[in-house]
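S.K.: Just a sequence and a predicted model for now, questions to come.
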Number of protein chains: 2
Amino acid sequence: MSADPALRREIPDATVARLPEYLRTLSRLAEDGVLSVSSEELAAEVGVRSAQLRKDLSHLGSYGVRGVGYDVETLALEISRALGLTEDWPVAIVGMGNLGHALASYSGFVTKGFRIVGLYDDDPALTDERIVGIAIRPLAELSADHAVDPIAIGVIATPAPAAQAVCDALVGAGISSILNFAPAVLSVPSGVDVRRVDLSTELQILAFHAQRKSLAAGDLQSAVVAQ
Amino acid sequence: MSADPALRREIPDATVARLPEYLRTLSRLAEDGVLSVSSEELAAEVGVRSAQLRKDLSHLGSYGVRGVGYDVETLALEISRALGLTEDWPVAIVGMGNLGHALASYSGFVTKGFRIVGLYDDDPALTDERIVGIAIRPLAELSADHAVDPIAIGVIATPAPAAQAVCDALVGAGISSILNFAPAVLSVPSGVDVRRVDLSTELQILAFHAQRKSLAAGDLQSAVVAQ
DNA sequence: TCCTGTGAACAACTTCACAGCA
DNA sequence: TGCTGTGAAGTTGTTCACAGGA
């Protein structure tokens, strides 16, 4: 008998990827004083089908009321719990160039569940600068810092060539969740979780679709040319 | 008869999402002087299965040689063509806070196919500042700029509350590809393509998996507690 | 009656395994 | 022989449609 059935079940990856969106929307509704939503309404806000939303939520447990809908606050809490946001996750950022600076001062960071505990960069010009009250320190000190005050998630915001070495340092220190902003594939031992956020990949996907659109628009024309 | 059969076929979304990764890796190999790769080797570099790689590439056409592998340069060119990177995509960034600054000076931007043509922000304190040689101007001027020198892709780097209004302005100006960094769901008319990059969603997904790991590690303990 | 929760049908994607060509 | 390209099988994710409880 487990304290939390939601955590016992297998939650599909596709569902996990959507939960943050549901949570964000529910938080906004709660701020607006909305007490209850139907799957139809919430799905419309988030931009998914209501059946999808209901199936997703069914993986967490049964928190809706038939004929009525979902209590906004309860559902937000249950999603937070499923995602593990009821505890605090200490985050360290490595690489304090433009992007690192932007990430450190990004307000959304602090919002819920995440707390920046360390900023690292080996450039002496940056060392000891303070951002949001935290000093930038050499990467070599991360391991000792982690031993004193554990880091749960490491964020890599360095240029691509440095990323693997930084990653190795993080893994070596015992950190097993990594968010990588560098355009590089990282190799890590099994058990370590890496997610990548990449601007240029996203731009290229947009370019692909933009190209399709312009080809479709010019179809008649190119058909003539091709004759 | 079309000039480019790759563009006629349907390429699955999942494949399109991986093409940029293949391209990046091939470019690196080309720089290192590698002339030819097998699907096995390339897949290992990218971190996918070789069968997946071959199936993905088969959607573009047949550019490999049986018994040998793929010519690195040819394959890179064909992927570039499929993604539409043989033409140049003019990009505008709206919202020049920390993130906008970081994006504007991000070198990966210029690499291939993308070129920043405009930076916009309504904060008078920022207006006329120059980044990478481009002046920051009020959003109201975007539409006129677009008419003179077209913008293909709009990047939204504003806070969430401003995102929808900025999006409406971009769409109103006739831009139909948008990359959104604000943590907000945008509603757009059909035909407009929005992709979102969101730090906190990624962190929350990491937190979910980290939580699973720590639960699994503490399983024996919690089993005892649950009795 | 209304809206949730879910089995069943369907669609997309991945992996397997091998035919076929250099 | 060696590696690509691809049908077929297997897996995962989505949508439908309705049973069932408030």
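M.R.: Ah, there it is.

S.K.: going forward, measure contacts between C-alpha atoms and count neighbours the same way
M.R.: Noted.

S.K.: Does DNA strand C have contacts with stretch A:54-68?
M.R.: Yes - using Cα under 7 Å from any atom of the strand, stretch A:54-68 reaches DNA strand C at A:54-55, A:57-59, A:61-68.

S.K.: in that stretch, what counts as buried?
M.R.: Of the residues in stretch A:54-68, A:54, A:56, A:57, A:59, A:60, A:64 count as buried by neighbour count, 16 or more other Cα atoms under 10 Å in any protein chain shown.

S.K.: Turn those into TSV, including distance to residue B:177 and secondary structure.
M.R.: Output for those, formatted as TSV (distance: Cα to Cα, whole Å; DSSP: H, G, I helix; E, B strand; the rest coil):
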residue	distance to residue B:177	secondary structure
A:54	30	helix
A:56	29	helix
A:57	31	helix
A:59	34	coil
A:60	35	coil
A:64	37	strand
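
S.K.: Nearest to DNA strand C among the residues you listed?
M.R.: residue A:64 (3.5 Å; Cα to the nearest atom of the strand).

S.K.: Identify the residues contacting that closest one.
M.R.: When contacts are counted by Cα atoms under 8 Å, 6 or more residues apart in numbering or on different chains, residue A:64 touches A:70, A:71.

S.K.: any idea how far it is from DNA strand D?
M.R.: 9 Å (Cα to the nearest atom of the strand, to the nearest Å).

S.K.: Next: residue A:155.
M.R.: In terms of Cα to the nearest atom of the strand, residue A:155 sits 24 Å off from DNA strand D.

S.K.: Outside of whatever helix or strand that residue lives in itself, list whatever touches it.
M.R.: Element membership of residue A:155, judged by DSSP states H and E, is strand A:153-156. Outside strand A:153-156, the residues that touch it by Cα under 8 Å, 6+ apart are A:89-95, A:163, A:166-167, A:170, A:175-182, B:206.

S.K.: try it again with 7 Å
M.R.: Contact with strand A:153-156 is made by A:90-95, A:163, A:170, A:175, A:177-182, as judged by Cα atoms under 7 Å, 6 or more residues apart in numbering or on different chains.

S.K.: Tell me the helix or strand right after that strand.
M.R.: With DSSP H and E, the next secondary element past strand A:153-156 is helix A:160-173.

S.K.: CA atoms only: put that following helix into PDB for me.
M.R.: Extracted in PDB, the C-alpha atoms of helix A:160-173 (Å, rounded to 0.1, in the frame of the first residue of the first chain):
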ATOM      1  CA  ALA A 160      28.900  23.300 -27.500                       C
ATOM      2  CA  PRO A 161      32.600  22.400 -27.400                       C
ATOM      3  CA  ALA A 162      32.700  22.700 -23.600                       C
ATOM      4  CA  ALA A 163      29.400  20.900 -23.000                       C
ATOM      5  CA  GLN A 164      30.600  17.300 -22.700                       C
ATOM      6  CA  ALA A 165      33.400  18.200 -20.200                       C
ATOM      7  CA  VAL A 166      30.900  20.200 -18.100                       C
ATOM      8  CA  CYS A 167      28.500  17.300 -18.300                       C
ATOM      9  CA  ASP A 168      31.200  14.800 -17.100                       C
ATOM     10  CA  ALA A 169      31.900  17.100 -14.200                       C
ATOM     11  CA  LEU A 170      28.300  17.300 -13.200                       C
ATOM     12  CA  VAL A 171      27.900  13.500 -13.500                       C
ATOM     13  CA  GLY A 172      31.200  13.000 -11.600                       C
ATOM     14  CA  ALA A 173      29.900  15.100  -8.800                       C
END
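
S.K.: can you tell if that helix touches chain B?
M.R.: No - using Cα under 7 Å from any Cα of the partner chain, helix A:160-173 stays clear of chain B, coming no nearer than 9.8 Å.

S.K.: Any idea how far that helix is from the middle of the chain?
M.R.: For helix A:160-173, the separation from the chain centroid amounts to 20 Å (computed by Cα atoms, centre = their mean, to the nearest Å).

S.K.: hmm, back to that, and of the buried residues of stretch A:54-68, the nearest to residue B:13?
M.R.: Minimum distance to residue B:13 across the buried residues of stretch A:54-68 is 21.9 Å, recorded for residue A:56 (Cα to Cα).

S.K.: Counting neighbours, what do you get for the closest residue to the closest one other than its chain neighbours?
M.R.: Distance criterion Cα to Cα, 6 or more residues apart in numbering or on different chains; nearest residue to residue A:56, sequence neighbours excluded, is residue A:15 at 5.5 Å. The number of residues packed near residue A:15 is 16, by other Cα atoms under 10 Å in any protein chain shown.
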